[in-house]
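Undergrad: Give me the fold of what follows.
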Amino acid sequence: MARSKKRGAAEINSSSMADIAFLLLIFFLVTTTIANDKGLTLQLPPKPDDIEQVDIKIPERNIFKILINSSDKLLVENEPLTDMHELREMIKKHVLNNGRDPDLSDSPDKAVVSLKANRGTSYDMFIAVYNEAQGAYYDIYAERAGVTNKKWREISNDLSNPDNKVIYDKAREGIPMAISIAEPN
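TA: Residues are numbered from 1 along each chain as shown. The predicted structure is shown next:
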């Protein structure tokens with residue numbers, strides 16, 4: 001009878017396994033896309049400390065009202081608006097009125113842009129309208145600073161530079177970015 005020889009366990013070269021694992025890791029790192037979340041950068045007011053709410057009366061002429069319905073249609077100052085690109089100029093005109101037109105704001109520091117959306121309003125529409133309102137203020141600040149809108153954004157993103165801080169403060173002086181986001185209905 002033939003005797004069976006004891007065979008040793010089959011060995012797998014561990015360096016080859018490490019190479020394959022490394023290649024798979026590199027493959028998945030290269031082919032996987034990482035979603036960049038986008039959002040609005042907003043500075044929220046501080047949380048109230050059990051202080052009773054005080055109603056502040058703002059004259060109607062100082063409030064620039066923008067309403068967005070659930071069909072993403074705009075109602076600006078009680079008039080339908082079909083071209084959203086007109087919105088930026090309308091806001092700038094309202095803010096910079098300085099009391100000339102009795103239907104617009106008394107002064108830039110008293111002007112408020114009120115944005116109200118219905119619950120069915122799409123996020124894209126809300127963000128587009130908010131962007132136009134914010135863009136109107138950026139245009140005003142850039143014009144006061146004597147720079148382009150793009151340069152203004154660079155300045156406002158780098159306030160650690162003392163020169164940028166001076167330009168930023170001077171351009172915003174007397175014109176706060178007063179965009180009020182009302183509760184949806």
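Undergrad: For the protein, which segments count as helices?
TA: Counting by DSSP state H, the chain forms helices over residues 14-31, 86-95, 123-145, 149-157, 162-172, given from the N-terminal end onward.
Undergrad: Need the ones you listed in JSON lines (columns: distance to residue 53, mean neighbour count and mean pLDDT).
TA: To be clear about C-beta, it is placed using only N, CA and C from the backbone, and glycine gets the same treatment. As requested, the helices of the chain are arranged in JSON lines below (distance: least, Cβ to Cβ, whole Å; neighbours: other Cβ atoms under 10 Å; pLDDT from 0 to 100):
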{"stretch": "helix 14-31", "distance to residue 53": "52", "mean neighbour count": "9", "mean pLDDT": "88"}
{"stretch": "helix 86-95", "distance to residue 53": "26", "mean neighbour count": "19", "mean pLDDT": "92"}
{"stretch": "helix 123-145", "distance to residue 53": "24", "mean neighbour count": "18", "mean pLDDT": "91"}
{"stretch": "helix 149-157", "distance to residue 53": "31", "mean neighbour count": "15", "mean pLDDT": "87"}
{"stretch": "helix 162-172", "distance to residue 53": "27", "mean neighbour count": "14", "mean pLDDT": "90"}
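Undergrad: Reformat these as a markdown table; add distance to residue 109.
TA: Putting those into a markdown table (distance: least, Cβ to Cβ, whole Å) gives the following:
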| stretch | distance to residue 109 |
| --- | --- |
| helix 14-31 | 52 |
| helix 86-95 | 10 |
| helix 123-145 | 12 |
| helix 149-157 | 19 |
| helix 162-172 | 11 |
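Undergrad: how about these, which one is nearest residue 46?
TA: Minimum separation from residue 46 across these (Cβ to Cβ) falls at helix 162-172, 20.0 Å.
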